[in-house]
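Chemist: after the sequence you'll find the predicted model.
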Amino acid sequence: MQQATQREVPDRISWSRAMIFGVGFFFIAALLIGQIPSYINLEMTSSSLTGFEQGVLALGVICIAAFVIVQVIVMLFDPKPLIPPIIFTGLGVILGVLGLLLLLWASYTGNQYFPHTNVFWNPVLGGNVLWLEPAAIDLVMIGTVIMAVGVGMVFYSMLALRELRNPDRSDPGTTRTIRTLLIVGSVLLVAFMFFYTFVTDQSLAPMIYPQCPYAINAAKGCPGPFTGLAIIDTILNVILGAAIFCTLGAFALRLHYLMRPVRKRTMSNLYITGIVVAQVGAVCLLAWFVIYPLITWIHSWTFIGLGSYLTVCGKPSAVPQSCGFSQQAGYIIDAVITMNNFVLLIAAVAFWKTRRNLVVIAGVTTAALLALATLVTHMHPDELLIAMLVSGGSLILAVIWTSVARREFAVVGENNLGCLGQWLVIGTCLLIYLTAFAFFSIPGFRETNPNIPFVPGAGLNAGITNSINAVLVIIITGVLTAVQFYFLTRNRYKI
């Protein structure tokens, strides 16, 4: 990252790097202005607020976890650190182990969601625990985030310990370690995508454990404790988890190298980003905790009929259990979230000249945070595998974006764009859009509809037409994008 201040280095950027910056900001804009508001709107206006509770809790937890990691970075790499790195190493190991144990316990004992329907503690407003309804807390999500925070603490404390022994503070660029992590993660994700095209965990379960494919049933020769589905899902989760850790590790290491030579100018920007994220997390956690008292209070409003205008209750005698927000209330919250995110994006454009370091640091960290938010908000067993695929693919974008942010305004070429260059720019942008369009058609999430037809496991089924179009489009447009981007980069066009 470089702010060009010398007279002999003009404020220019190559078309290839500018395109990657554009793709990154487009990804952020699509999720902040499009996907997240529509997701919250859908969960708010559903017949049950359980999905809303789980979603905003996941968003709040991942934002607070990101803020904790930012604080760890600030404290470890301060010019005069107050806390020795070894303290974070020990704390990270403890958190990582506790998170892993919680994750495994919740996954394999059927206790992913809390409270259960038969668990009661000081119930009020018809809830089970206080006013919380059953399944308000996803313990698998909580365990995953705690484990990730622990691993992050160990990772950055190791980097801090290495810096104590090595005075070098230069930026080595995209090192062999980063490239290896990126390649391994990408290969694992692509392999799973092709695997999921032809077979699924549901179709493999009877092959692995014919007597016990899906559910434990001692009467049918299935005493447990595992089923075929649990075995294959464990294998796939380990593979995809390794892919996410590789891509996330590549991003974290590249961001560390990117900021290292100019920490005096970038550390405050990272801290500002963390503060903003923490505020978003606090709002989400507050919404999760007070949603049922809030909807009960709003339902009681009688002024010009606002209660019935903003809420919908299936049973007047069951408030708030049978209540949800109306479409009008969803539109209002949708507009508020969209407007705030739009203001942030416009502010990034306005500060591009004067606070470029802040825009770049906030941009790449937001891209990585949105990738992880996609995972933690879709940890239901039916959605987890695809959520990990989408999260890993988004992290690859964050790694590439962070990699090209090194000296992005150095003079990298003197060739004018010309007619051929214009076609390369337009064609590459269009192909990148089509590839992303197809990639995000794979998820079968409740709040999304596929743009291009895709049926998991239907690749060998001739009876299902147009079943793998999304993967075919990814292959064709992905190859064409790589070819065009290669020529665009090789010709070293300048803006």
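Modeler: Done, it's in. Numbering: from 1, shown residues only.
Chemist: okay, CA-based contacts and neighbour counts for the rest of this
Modeler: Fine.
Chemist: and the helix or strand harbouring residue 486, what does it pack onto?
Modeler: Using DSSP states H and E, residue 486 sits within helix 469-490. Where contact means 3 or more Cα pairs under 8 Å, 6 or more residues apart in numbering; DSSP states H and E, helix 469-490 is packed against helix 15-29, helix 418-439.
Chemist: pull the distance from the last one to the chain's centre.
Modeler: Put plainly, it is helix 418-439. Distance of helix 418-439 from its chain centroid, counting by Cα atoms, centre = their mean, to the nearest Å, is 25 Å.
Chemist: now the angle from that helix to helix 15-29?
Modeler: On the basis of axes from the mean of the first three to the mean of the last three Cα atoms, to 10 degrees, helix 418-439 is oriented at 30 degrees to helix 15-29.
Chemist: contact partners of helix 418-439?
Modeler: The contact list for helix 418-439, computed with Cα atoms under 8 Å, 6 or more residues apart in numbering, reads 15, 19, 451-452, 470-471, 473-474, 477-478, 480-481, 484-485, 487-488, 493.
Chemist: assign the closest residue to residue 29 other than its chain neighbours to helix, strand or coil.
Modeler: Spatially, and ignoring its direct neighbours in sequence, residue 29 is nearest to residue 345 (7.3 Å; Cα to Cα, 6 or more residues apart in numbering). Using DSSP: H, G, I helix; E, B strand; the rest coil, the structure places residue 345 in helix.
Chemist: surely residue 345 touches residue 31?
Modeler: No. Counting by Cα atoms under 8 Å, residue 345 does not reach residue 31; the two are 11.7 Å apart.
Chemist: how about the contacts made by the nearest residue to residue 387 once chain neighbours are set aside?
Modeler: Spatial nearest neighbour of residue 387, chain neighbours left out: residue 375 (5.0 Å); criterion: Cα to Cα, 6+ apart. Residue 375 makes contact with 384, 387-388, 390-391, according to Cα under 8 Å, 6+ apart.
Chemist: switch to 10 Å and redo it
Modeler: Residue 375 makes contact with 58, 62, 141, 369, 383-392 under the criterion Cα atoms under 10 Å, 6 or more residues apart in numbering.
Chemist: next up, the contacts around the nearest residue to residue 299 once chain neighbours are set aside.
Modeler: Excluding the flanking residues, the one nearest residue 299 by Cα to Cα, 6+ apart is residue 307, at 4.2 Å. Neighbour list for residue 307: 295-301, 325-326 [criterion: Cα under 10 Å, 6+ apart].
Chemist: before we move on, the earlier item: looking at the helices and strands packed on helix 469-490, which is closest to residue 403?
Modeler: Of all the helices and strands packed on helix 469-490, it is helix 15-29 that lies closest to residue 403, at 9.9 Å by Cα to Cα.
Chemist: whichever helix or strand comes after that closest one packs against which elements?
Modeler: Note on helix 15-29: by DSSP H and E, the next helix or strand toward the C-terminus is helix 36-44. Other elements packing on helix 36-44 under the criterion 3 or more Cα pairs under 10 Å, 6 or more residues apart in numbering; DSSP states H and E are helix 50-76, strand 323-325, helix 327-350, helix 356-376.
Chemist: go with 8 Å
Modeler: Counting by 3+ Cα pairs under 8 Å, 6+ apart, helix 36-44 packs on helix 50-76, helix 327-350.
Chemist: angle of the helix holding residue 486 against helix 15-29?
Modeler: Using the same axes, to 10 degrees: helix 469-490 against helix 15-29 is 140 degrees.
Chemist: low-confidence stretches in the stretch 101-250 of the chain?
Modeler: Across the stretch 101-250 of the chain, the ranges flagged by pLDDT under 70 are 217-221, 224.
Chemist: please enumerate the helices of it.
Modeler: 139-165, 176-198, 201-208, 228-259 (DSSP state H, counting those that start in this stretch).
Chemist: would you turn these into CSV with distance to residue 336?
Modeler: CSV is the format used below for the helices of the stretch 101-250 of the chain (distance: least, Cα to Cα, whole Å):
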stretch, distance to residue 336
helix 139-165, 27
helix 176-198, 35
helix 201-208, 40
helix 228-259, 31
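Chemist: among the ones you listed, which is nearest residue 320?
Modeler: helix 139-165 (23.9 Å).
Chemist: for the closest one, packing partners?
Modeler: helix 50-76, helix 85-108, strand 113-114.
Chemist: for the ones you listed, which one ends up most surrounded?
Modeler: Highest mean neighbour count of the helices and strands packed on helix 139-165: helix 50-76, a mean of 22 (counted as mean count of other Cα atoms under 10 Å).
Chemist: what packs against that one?
Modeler: Partner elements for helix 50-76 (3+ Cα pairs under 8 Å, 6+ apart): helix 36-44, strand 137-138, helix 139-165, helix 263-299, helix 356-376.
Chemist: what's the mean pLDDT across the fourth one?
Modeler: Throughout helix 263-299, pLDDT has a mean value of 90.
Chemist: roughly how far out does it sit from the chain middle?
Modeler: For helix 263-299 - counting by Cα atoms, centre = their mean - the centre lies 17 Å from the chain centre.
Chemist: that helix: which residues count as buried?
Modeler: Buried residues in helix 263-299, counted by 16 or more other Cα atoms under 10 Å: 263, 266-267, 269-275, 277-278, 280-282, 284-285, 287-289, 291-293, 295-296, 298-299.
Chemist: heading C-terminal from that helix, find the next helix or strand.
Modeler: Next element after helix 263-299 (DSSP H and E): helix 306-310.
Chemist: which SSE is immediately downstream of that next one?
Modeler: strand 311-313.
Chemist: what sits up against that following strand?
Modeler: 295, 298-299, 319-320, 322-326, 329.
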